[in-house]
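Asks: turn this into a structure:
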Amino acid sequence: MPGRLLSKPRFGGNEALPRLSVVMPVKNAMPFLDAAIASIIEQNFTDFELVIGDDGSTDGSTGCLRGWAARDARIRLMERTRSGGPVGSSNWVANAARSAIVARMDADDIAHPDRLGRQIELLDARPDVVLVGTLFEAIDSKGRITRRSGSRPVDGRDAPPIAHGSIMYRKAVFDAVGGYAAGTDYFEDTDLYYRIVAAGTLMVLTEPLYRYRFSETSSRLNIPVARLQHAFDVLRAKKRADRRLPPAPIPAGDLRPDTLRAVGSLRLWSGGRPGVLRDLLRSRALGWNVDAVRTVAWAVWGTISPGTLRASIRLVGRLRARTANRRAGDSRMIEWHPRHAPVPGDTGTAIRPGWSVIDGARASGGDEQAAADRIRSR
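Replies: Numbering: from 1, shown residues only. Down below sits the predicted model:
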């Protein structure tokens, strides 16, 4: 879906292009938009263009973006009135990038001042690295830190513990793998990681250089739960070469506990209650086993006292992280591989290591909030 280019690029003629393109899709990002843009404009690394795509905003974001574009010549603002959705808007801004290296930024998050410099330094030093992301800290609508990166173990899992908005990648490789794939709304980032890691190395910087906002106003919390479960099922099928894609979204009574827990976790870390107890108890997929009892207990606890539940999860996470990261050693960066990925030429599914630390050590452990962390799309 084409859009209008509102601000003229400052790079043209014989003038050299910037080293980096930062791309940001925006859809109704008030009141957090100013802080997100300022965190990029104020980066210590300055040789970049900021490509912003206003994807049909109706909440005042458009006027805010036009003000920023008028004040800083590095900003290229595009506008359109019809939204392209998570995948469409992500490809829209990514395709508009003109530099060989591209950084993603989400419109309600905050980047550390050294983020861009640290990431481009790694890409310059390691030609084999095609994508790098960073660990992150969770913040609420008021910018208060609700989870520090040290409260989560850096371990093997089916998706790297990075925020979508923290990634930086080589545009040639992104284009070669087809960019964000159609039909992957709500997990377009994870799908991209699975495809791009086959073309090179995916690294995670273990220093938290990004703040990821959990907010009650986030569009993530307005995703119909049945659609979200269907997205999870599609992702699982795409990760396994021997599984068919699932049919259309299922009835509410068939919602799985893992999906409800993911949604409840988003609400919990946004400062509210999980709000999924009733749906859990009427789910035909619940069953009654140890995991089911734990999930129901989690939902009851979150209903009665969400604050103490958050505190207990942070405490358990810190203890796990301390053990897991001690095994990893003092590593500033970690290479990620998906644990479950089809091997080229094999129709089955291979089990691969989740992480390989630079010095050869490994980290292990779990994070009961990993499911919620995977819902990255705005």
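
Asks: tell me the average confidence for stretch 73-93?
Replies: The average pLDDT within stretch 73-93 is 96.

Asks: show the end-to-end separation of that stretch, please.
Replies: Start-to-end span of stretch 73-93 (Cα to Cα, to the nearest Å) is 17 Å.

Asks: buried sites along that stretch?
Replies: Using 16 or more other Cβ atoms under 10 Å as the test for burial, stretch 73-93 gives 74-80, 83-93. For glycine as for every other residue, the C-beta is placed from the backbone atoms N, C-alpha and C.

Asks: what's the spacing between stretch 162-169 and its chain's center?
Replies: Mean-position distance between stretch 162-169 and its chain equals 6 Å (Cα atoms, centre = their mean, to the nearest Å).

Asks: so where's the stretch 1-150 of the chain uncertain?
Replies: In the predicted model of the stretch 1-150 of the chain, residues 1-15, 150 satisfy pLDDT under 70.

Asks: low-confidence ranges in the stretch 201-350 of the chain?
Replies: Ranges of the stretch 201-350 of the chain meeting pLDDT under 70: 216-232, 235-254, 321, 323-330, 339-350.

Asks: make it 90
Replies: By pLDDT under 90, the weakly predicted segments of the stretch 201-350 of the chain are 206, 214-272, 274-276, 278-295, 310-311, 313-350.

Asks: which residues in the stretch 251-378 of the chain form helices?
Replies: Under the criterion DSSP state H, counting those that start in this stretch, helices of the stretch 251-378 of the chain are mapped to 257-269, 277-281, 290-304, 306-328, 370-373.

Asks: show me what the second one is packed up against.
Replies: Contacts defined by 3 or more Cβ pairs under 8 Å, 6 or more residues apart in numbering; DSSP states H and E place helix 277-281 against helix 257-269, helix 290-304.

Asks: try the third one
Replies: When contacts are defined as 3+ Cβ pairs under 8 Å, 6+ apart, helix 290-304 sits against helix 257-269, helix 277-281, helix 306-328.

Asks: highest mean neighbour count out of the ones you listed?
Replies: Neighbour counts (mean count of other Cβ atoms under 10 Å) averaged over each of these peak at helix 257-269, with a mean of 23.

Asks: elements contacting it?
Replies: helix 225-239, helix 277-281, helix 290-304, helix 306-328, helix 370-373.

Asks: ok, and what's touching the second one?
Replies: So the one you mean is helix 277-281. With contact meaning Cβ atoms under 8 Å, 6 or more residues apart in numbering, helix 277-281 is reached by 225, 252, 255, 257, 260, 286, 295-296, 299-300, 303.

Asks: buried subset of those residues?
Replies: 225, 255, 257, 260, 286, 295-296, 299, 303.

Asks: now do the spatially most central residue of the chain, the pLDDT please.
Replies: Geometric centre of the chain, nearest residue: residue 164, 2.7 Å, by Cα atoms, centre = their mean. Here the pLDDT value assigned to residue 164 is 95.
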